[in-house]
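A.B. asks: sequence and predicted structure are below.
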Amino acid sequence: MIANPATKYTAFPPVQLADRQWPNRTITQPPIWMSTDLRDGNQSLFEPMNAEKKMRMFKLLCDIGFKEIEIAFPSASETEFGFVRNLIEGGHIPDDVTIEVLTQAREHLIRRTFEALKGARKAIVHVYNATSKTFRDNVFGMSKSEVVQMAVEAVKLIKAQAEAMPETEITLEYSPELFTATELDFAKEVCDAVTAAWGATPERKVILNLPTTVEIATPNIYADQIEWMHRNLARRDSVIISLHPHNDRGTAVAAAELGLMAGADRVEGCLFGNGERTGNVDLVTVALNMYTQGVHPGLDFSDINAVARAFEHCNQLPIHPRHPYVGDLVFTAFSGSHQDAIKKGFSAQEAAEQWSVPYLPIDPADVGRSYDSVIRVNSQSGKGGIAYLMETEHGVVMPRRLQVEFSGVVQQHTDAHGGEVSADGIWTMFARTYLEATTPIRYREHHLFEQGSNQGIRLNIDIDGTPHILTGEGNGPINAAVHALQSAGINIQVRSYEERSMVPMGEDGNARACAFMEISGKGGDKSGGECYGVGVDSNIVTASIKALLSGVNRLGAARMSGEQSQAA
C-alpha cells in the first residue's frame, strides 16, 4: 500500500510575495535560448553521443537558430575535452554562436576548463555549487559562509583565467544548484557575492541561472521565487536571469513560461525534453507555444520532421507519438466527430485569416507537416488491424509512420469497394504500392567497391525504360546510392531507415531482409511530401537499395498527382 503522504512529505511553503506581478503579464518576446542538449542531455543518455553524433547535433542546433549552446563538461572526460577542441580548432563554430562549458566550483576543474577553451573567440563559463540546506548540512557539511566563499573563490579564479586569455571574450554564468530548495535570502546573498566578485556591469553582465534542479513545487511557486529574485537582486541591470527547469513534476514547460512572466531573460533546456530523470524543459514546446500566441520564438522548426529524425539518431531515443507538435499522431484525429469538425474547419479557414481550425492549435504546415494525416478517416482501427495482419500473416513489422501512410492506401480501397479486406488482399495492396513500384525507375543490379575510406557503388537501373549505369561514393552503401542518383539529377534526402527480418507465418527457416526508408525531396522539398519506400531481398544491402528506389518512384508519383490536382 502506498505510504500516507501527510506523514512522509511536507508541502512546499508559499513565497511571501503579496503584490506579485507575474499573473497579470503575458510573454511578448522570446527569451535568450540556450540549448544544453550536448551537455545535460548527453550525460543522461544510456549511451552518450559519439563524435559524429555530437557534431551532427551541434550543427542541427545552429541550423535551428540557437545562439548559445552548452557543448560539454570538458573537465569530465577526454571525450568531452576533445569535442571542445575539435569545434574550436576545426572552425565549426559560427561567428554568431557562443559556446558554453560547465564546471564545478573546484580549482583544478576550472583550470582544465580554460585549457579546453584556448583559441575560442567567445565563450560562457558556467560554474555551479549546491546551496540548499540539505546539501550544506548532509552532503558537504558546510556553513552558509563557506558556501558563499566557495562560489566567490571560483568566480575570482575564472576572472583571473579570463584576464590571462584576452583573445577570448568570457562571460560568467553562475548557478546556485538546488535554487528552488534554497532559502531565498541566502540564494540572493550568494548571487550578489558572485556578481560583486566578477565586477558585473550593464556592459559586462553575469548570467545568474536559477534552476529547478529537482522540481519540488508547483510552477506558480517557481514564478514567485523568480520574481522575488528579479526584484531584490543587487545590480539587476548587470544580470541576466536564466531559467533551467527540470520536469520531475511534469510541469517544466509551465514553470518556464511563468518564470519568463516573472522577469527572467533566458531559458535553458533540451530538444523534446531530453535530460536527467524526467528531463529538462522541452525547448521545442516552449518555443512553439509562443508561436501559437503570435510571438515568433526566433527558432526555426518549420521542418519539424527533420529535427525529430536527427534528434532520434543522435540520442537513440524515440519521440513519443503524442509528444506536442512533433509526435507522429498529434495531427491525426481518430474520432469521427473530431474528423468532421476538422474537415469543416479546413473548409471555412481562409488563408489570410487568423488560424481557427478545431482541435488543431497550430497549422501543421507551419511545422512542415502535411494535411493528409489530419483528415484520414477511420485510421485507428484500420492502422492497428492492418499492422497486426501484416506482422502475423506476412512477417512485416512496419514502422509507425509507415503504418499511418499505408492505412491511407487501404482506406482508399475500402472507400471505393467496401466490404472486408483479407490479409492476402492487404498484402497485395502493400506489394503493389511499395514492392512493385518500378516507374520511372527499375532496379537491375548493383556492385559495391571500396574507394579509399568511402564505399563506392555502381548502380544498374532503367530510367523511363532506358538503361543507366550510375556511380556514387559515400560513407556506406545507402549514402553512395543517394549520390549515384544525384548524378542523374534525382535529388532526395533519406529521413529515416530501418531494417528488419521478415519471417512469414509458418516459414521459420525462410527469413528475408526487409528495409524501410523514409525519403523526401532534397532541401525539404514538400511538393511530393515525404513517403516510404520498401525493399525485400535475401541480401540486406540489395533490400536497402530496392527500398531507396521504391521511395524515389513513390515520391515521383506523389508529385505527379499533386501537379495534376493543381492543373485541374
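C.D. replies: Done, it's in.

A.B. asks: alpha carbons only for contacts and neighbour counts from here, please
C.D. replies: Will do.

A.B. asks: please enumerate the strands of this structure.
C.D. replies: 32-35, 68-72, 98-104, 122-130, 169-177, 206-212, 239-245, 266-269, 441-451, 454-463, 466-474, 492-502, 512-521, 531-537 (DSSP state E).

A.B. asks: relative to residue 126, how far out is residue 279?
C.D. replies: Separation of residue 279 from residue 126 (C-alpha to C-alpha, to the nearest Å) stands at 20 Å.

A.B. asks: quick one, which of those two is more surrounded?
C.D. replies: Taking other C-alpha atoms under 10 Å, residue 279 and residue 126 do not tie; residue 126 has more neighbours (24 against 21).

A.B. asks: what is the neighbour count of the nearest residue to residue 267 once chain neighbours are set aside?
C.D. replies: Sequence neighbours aside, residue 243 is the residue nearest to residue 267 in space, at 4.8 Å (criterion: C-alpha to C-alpha, 6 or more residues apart in numbering). Counted with other C-alpha under 10 Å, residues neighbouring residue 243 total 29.

A.B. asks: run through the bridge partners of residue 243.
C.D. replies: Taking DSSP bridges as the rule, residue 243 bridges to residue 210, residue 267.

A.B. asks: which residue ranges form the helices in the stretch 1-150 of the chain?
C.D. replies: Taking DSSP state H, counting those that start in this stretch, the helices of the stretch 1-150 of the chain run over residues 5-8, 51-64, 78-89, 107-116, 133-134, 144-163.

A.B. asks: how about a markdown table for those, with distance to residue 556, mean neighbour count and mean pLDDT added?
C.D. replies: Below are the helices of the stretch 1-150 of the chain laid out as a markdown table (distance: least, C-alpha to C-alpha, whole Å; neighbours: other C-alpha atoms under 10 Å; pLDDT from 0 to 100):
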| stretch | distance to residue 556 | mean neighbour count | mean pLDDT |
| --- | --- | --- | --- |
| helix 5-8 | 61 | 8 | 87 |
| helix 51-64 | 28 | 17 | 97 |
| helix 78-89 | 39 | 18 | 96 |
| helix 107-116 | 49 | 17 | 98 |
| helix 133-134 | 63 | 16 | 93 |
| helix 144-163 | 56 | 18 | 98 |
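
A.B. asks: now residue 316: how far from residue 54?
C.D. replies: Residue 316 sits 12 Å away from residue 54, taking C-alpha to C-alpha as the criterion.

A.B. asks: thinking again about what came up before, possible to save the helices of the stretch 1-150 of the chain as CSV with distance to residue 325?
C.D. replies: Output for the helices of the stretch 1-150 of the chain, formatted as CSV (distance: least, C-alpha to C-alpha, whole Å):
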stretch, distance to residue 325
helix 5-8, 35
helix 51-64, 16
helix 78-89, 31
helix 107-116, 37
helix 133-134, 38
helix 144-163, 40
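
A.B. asks: for residue 371, which of those is the nearest?
C.D. replies: Across the helices of the stretch 1-150 of the chain, residue 371 has its closest neighbour in helix 51-64 (23.3 Å, C-alpha to C-alpha).

A.B. asks: what helices or strands is the closest one leaning on?
C.D. replies: Helices and strands touching helix 51-64, as assessed by 3 or more C-alpha pairs under 8 Å, 6 or more residues apart in numbering; DSSP states H and E, comprise helix 304-315.

A.B. asks: if we look at the helix it packs on, which residues are touching it?
C.D. replies: By C-alpha atoms under 8 Å, 6 or more residues apart in numbering, the list of residues contacting helix 304-315 from outside reads 42, 45, 48-49, 53-54, 56-57, 60, 271, 301, 317-319, 326, 367-369, 495-496.

A.B. asks: which among those residues count as buried?
C.D. replies: 42, 48-49, 53-54, 56-57, 60, 271, 301, 319, 326, 367-369, 495 (16 or more other C-alpha atoms under 10 Å).

A.B. asks: and the residues you listed, which is closest to residue 428?
C.D. replies: Distance to residue 428 across those (C-alpha to C-alpha) is lowest for residue 495, with 26.2 Å.

A.B. asks: mind checking how far that closest one is from residue 280?
C.D. replies: Using C-alpha to C-alpha, one gets 26 Å for the distance from residue 495 to residue 280.

A.B. asks: again with residue 457
C.D. replies: 43 Å.

A.B. asks: compare the two (neighbour count), which wins?
C.D. replies: Remark: of residue 457 and residue 280, residue 280 carries more neighbours, 29 against 26, as counted by other C-alpha under 10 Å.

A.B. asks: picking that back up, right, so of the helices of the stretch 1-150 of the chain, which gets closest to residue 391?
C.D. replies: Taking the helices of the stretch 1-150 of the chain one by one with C-alpha to C-alpha, helix 51-64 is closest: 32.1 Å.

A.B. asks: can I get that closest one in PDB, CA atoms only?
C.D. replies: Extracted C-alpha coordinates of helix 51-64, given in PDB (Å, rounded to 0.1, in the frame of the first residue of the first chain):
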ATOM      1  CA  ALA A  51      31.900  12.400 -32.100                       C
ATOM      2  CA  GLU A  52      29.800  12.000 -35.200                       C
ATOM      3  CA  LYS A  53      26.500  12.400 -33.400                       C
ATOM      4  CA  LYS A  54      27.700  15.300 -31.200                       C
ATOM      5  CA  MET A  55      28.800  17.100 -34.400                       C
ATOM      6  CA  ARG A  56      25.500  16.400 -36.100                       C
ATOM      7  CA  MET A  57      23.600  17.700 -33.000                       C
ATOM      8  CA  PHE A  58      25.700  20.800 -32.800                       C
ATOM      9  CA  LYS A  59      25.100  21.600 -36.500                       C
ATOM     10  CA  LEU A  60      21.400  20.900 -36.000                       C
ATOM     11  CA  LEU A  61      21.200  23.300 -33.100                       C
ATOM     12  CA  CYS A  62      23.000  26.000 -35.100                       C
ATOM     13  CA  ASP A  63      20.600  25.500 -38.100                       C
ATOM     14  CA  ILE A  64      17.600  25.800 -35.800                       C
END
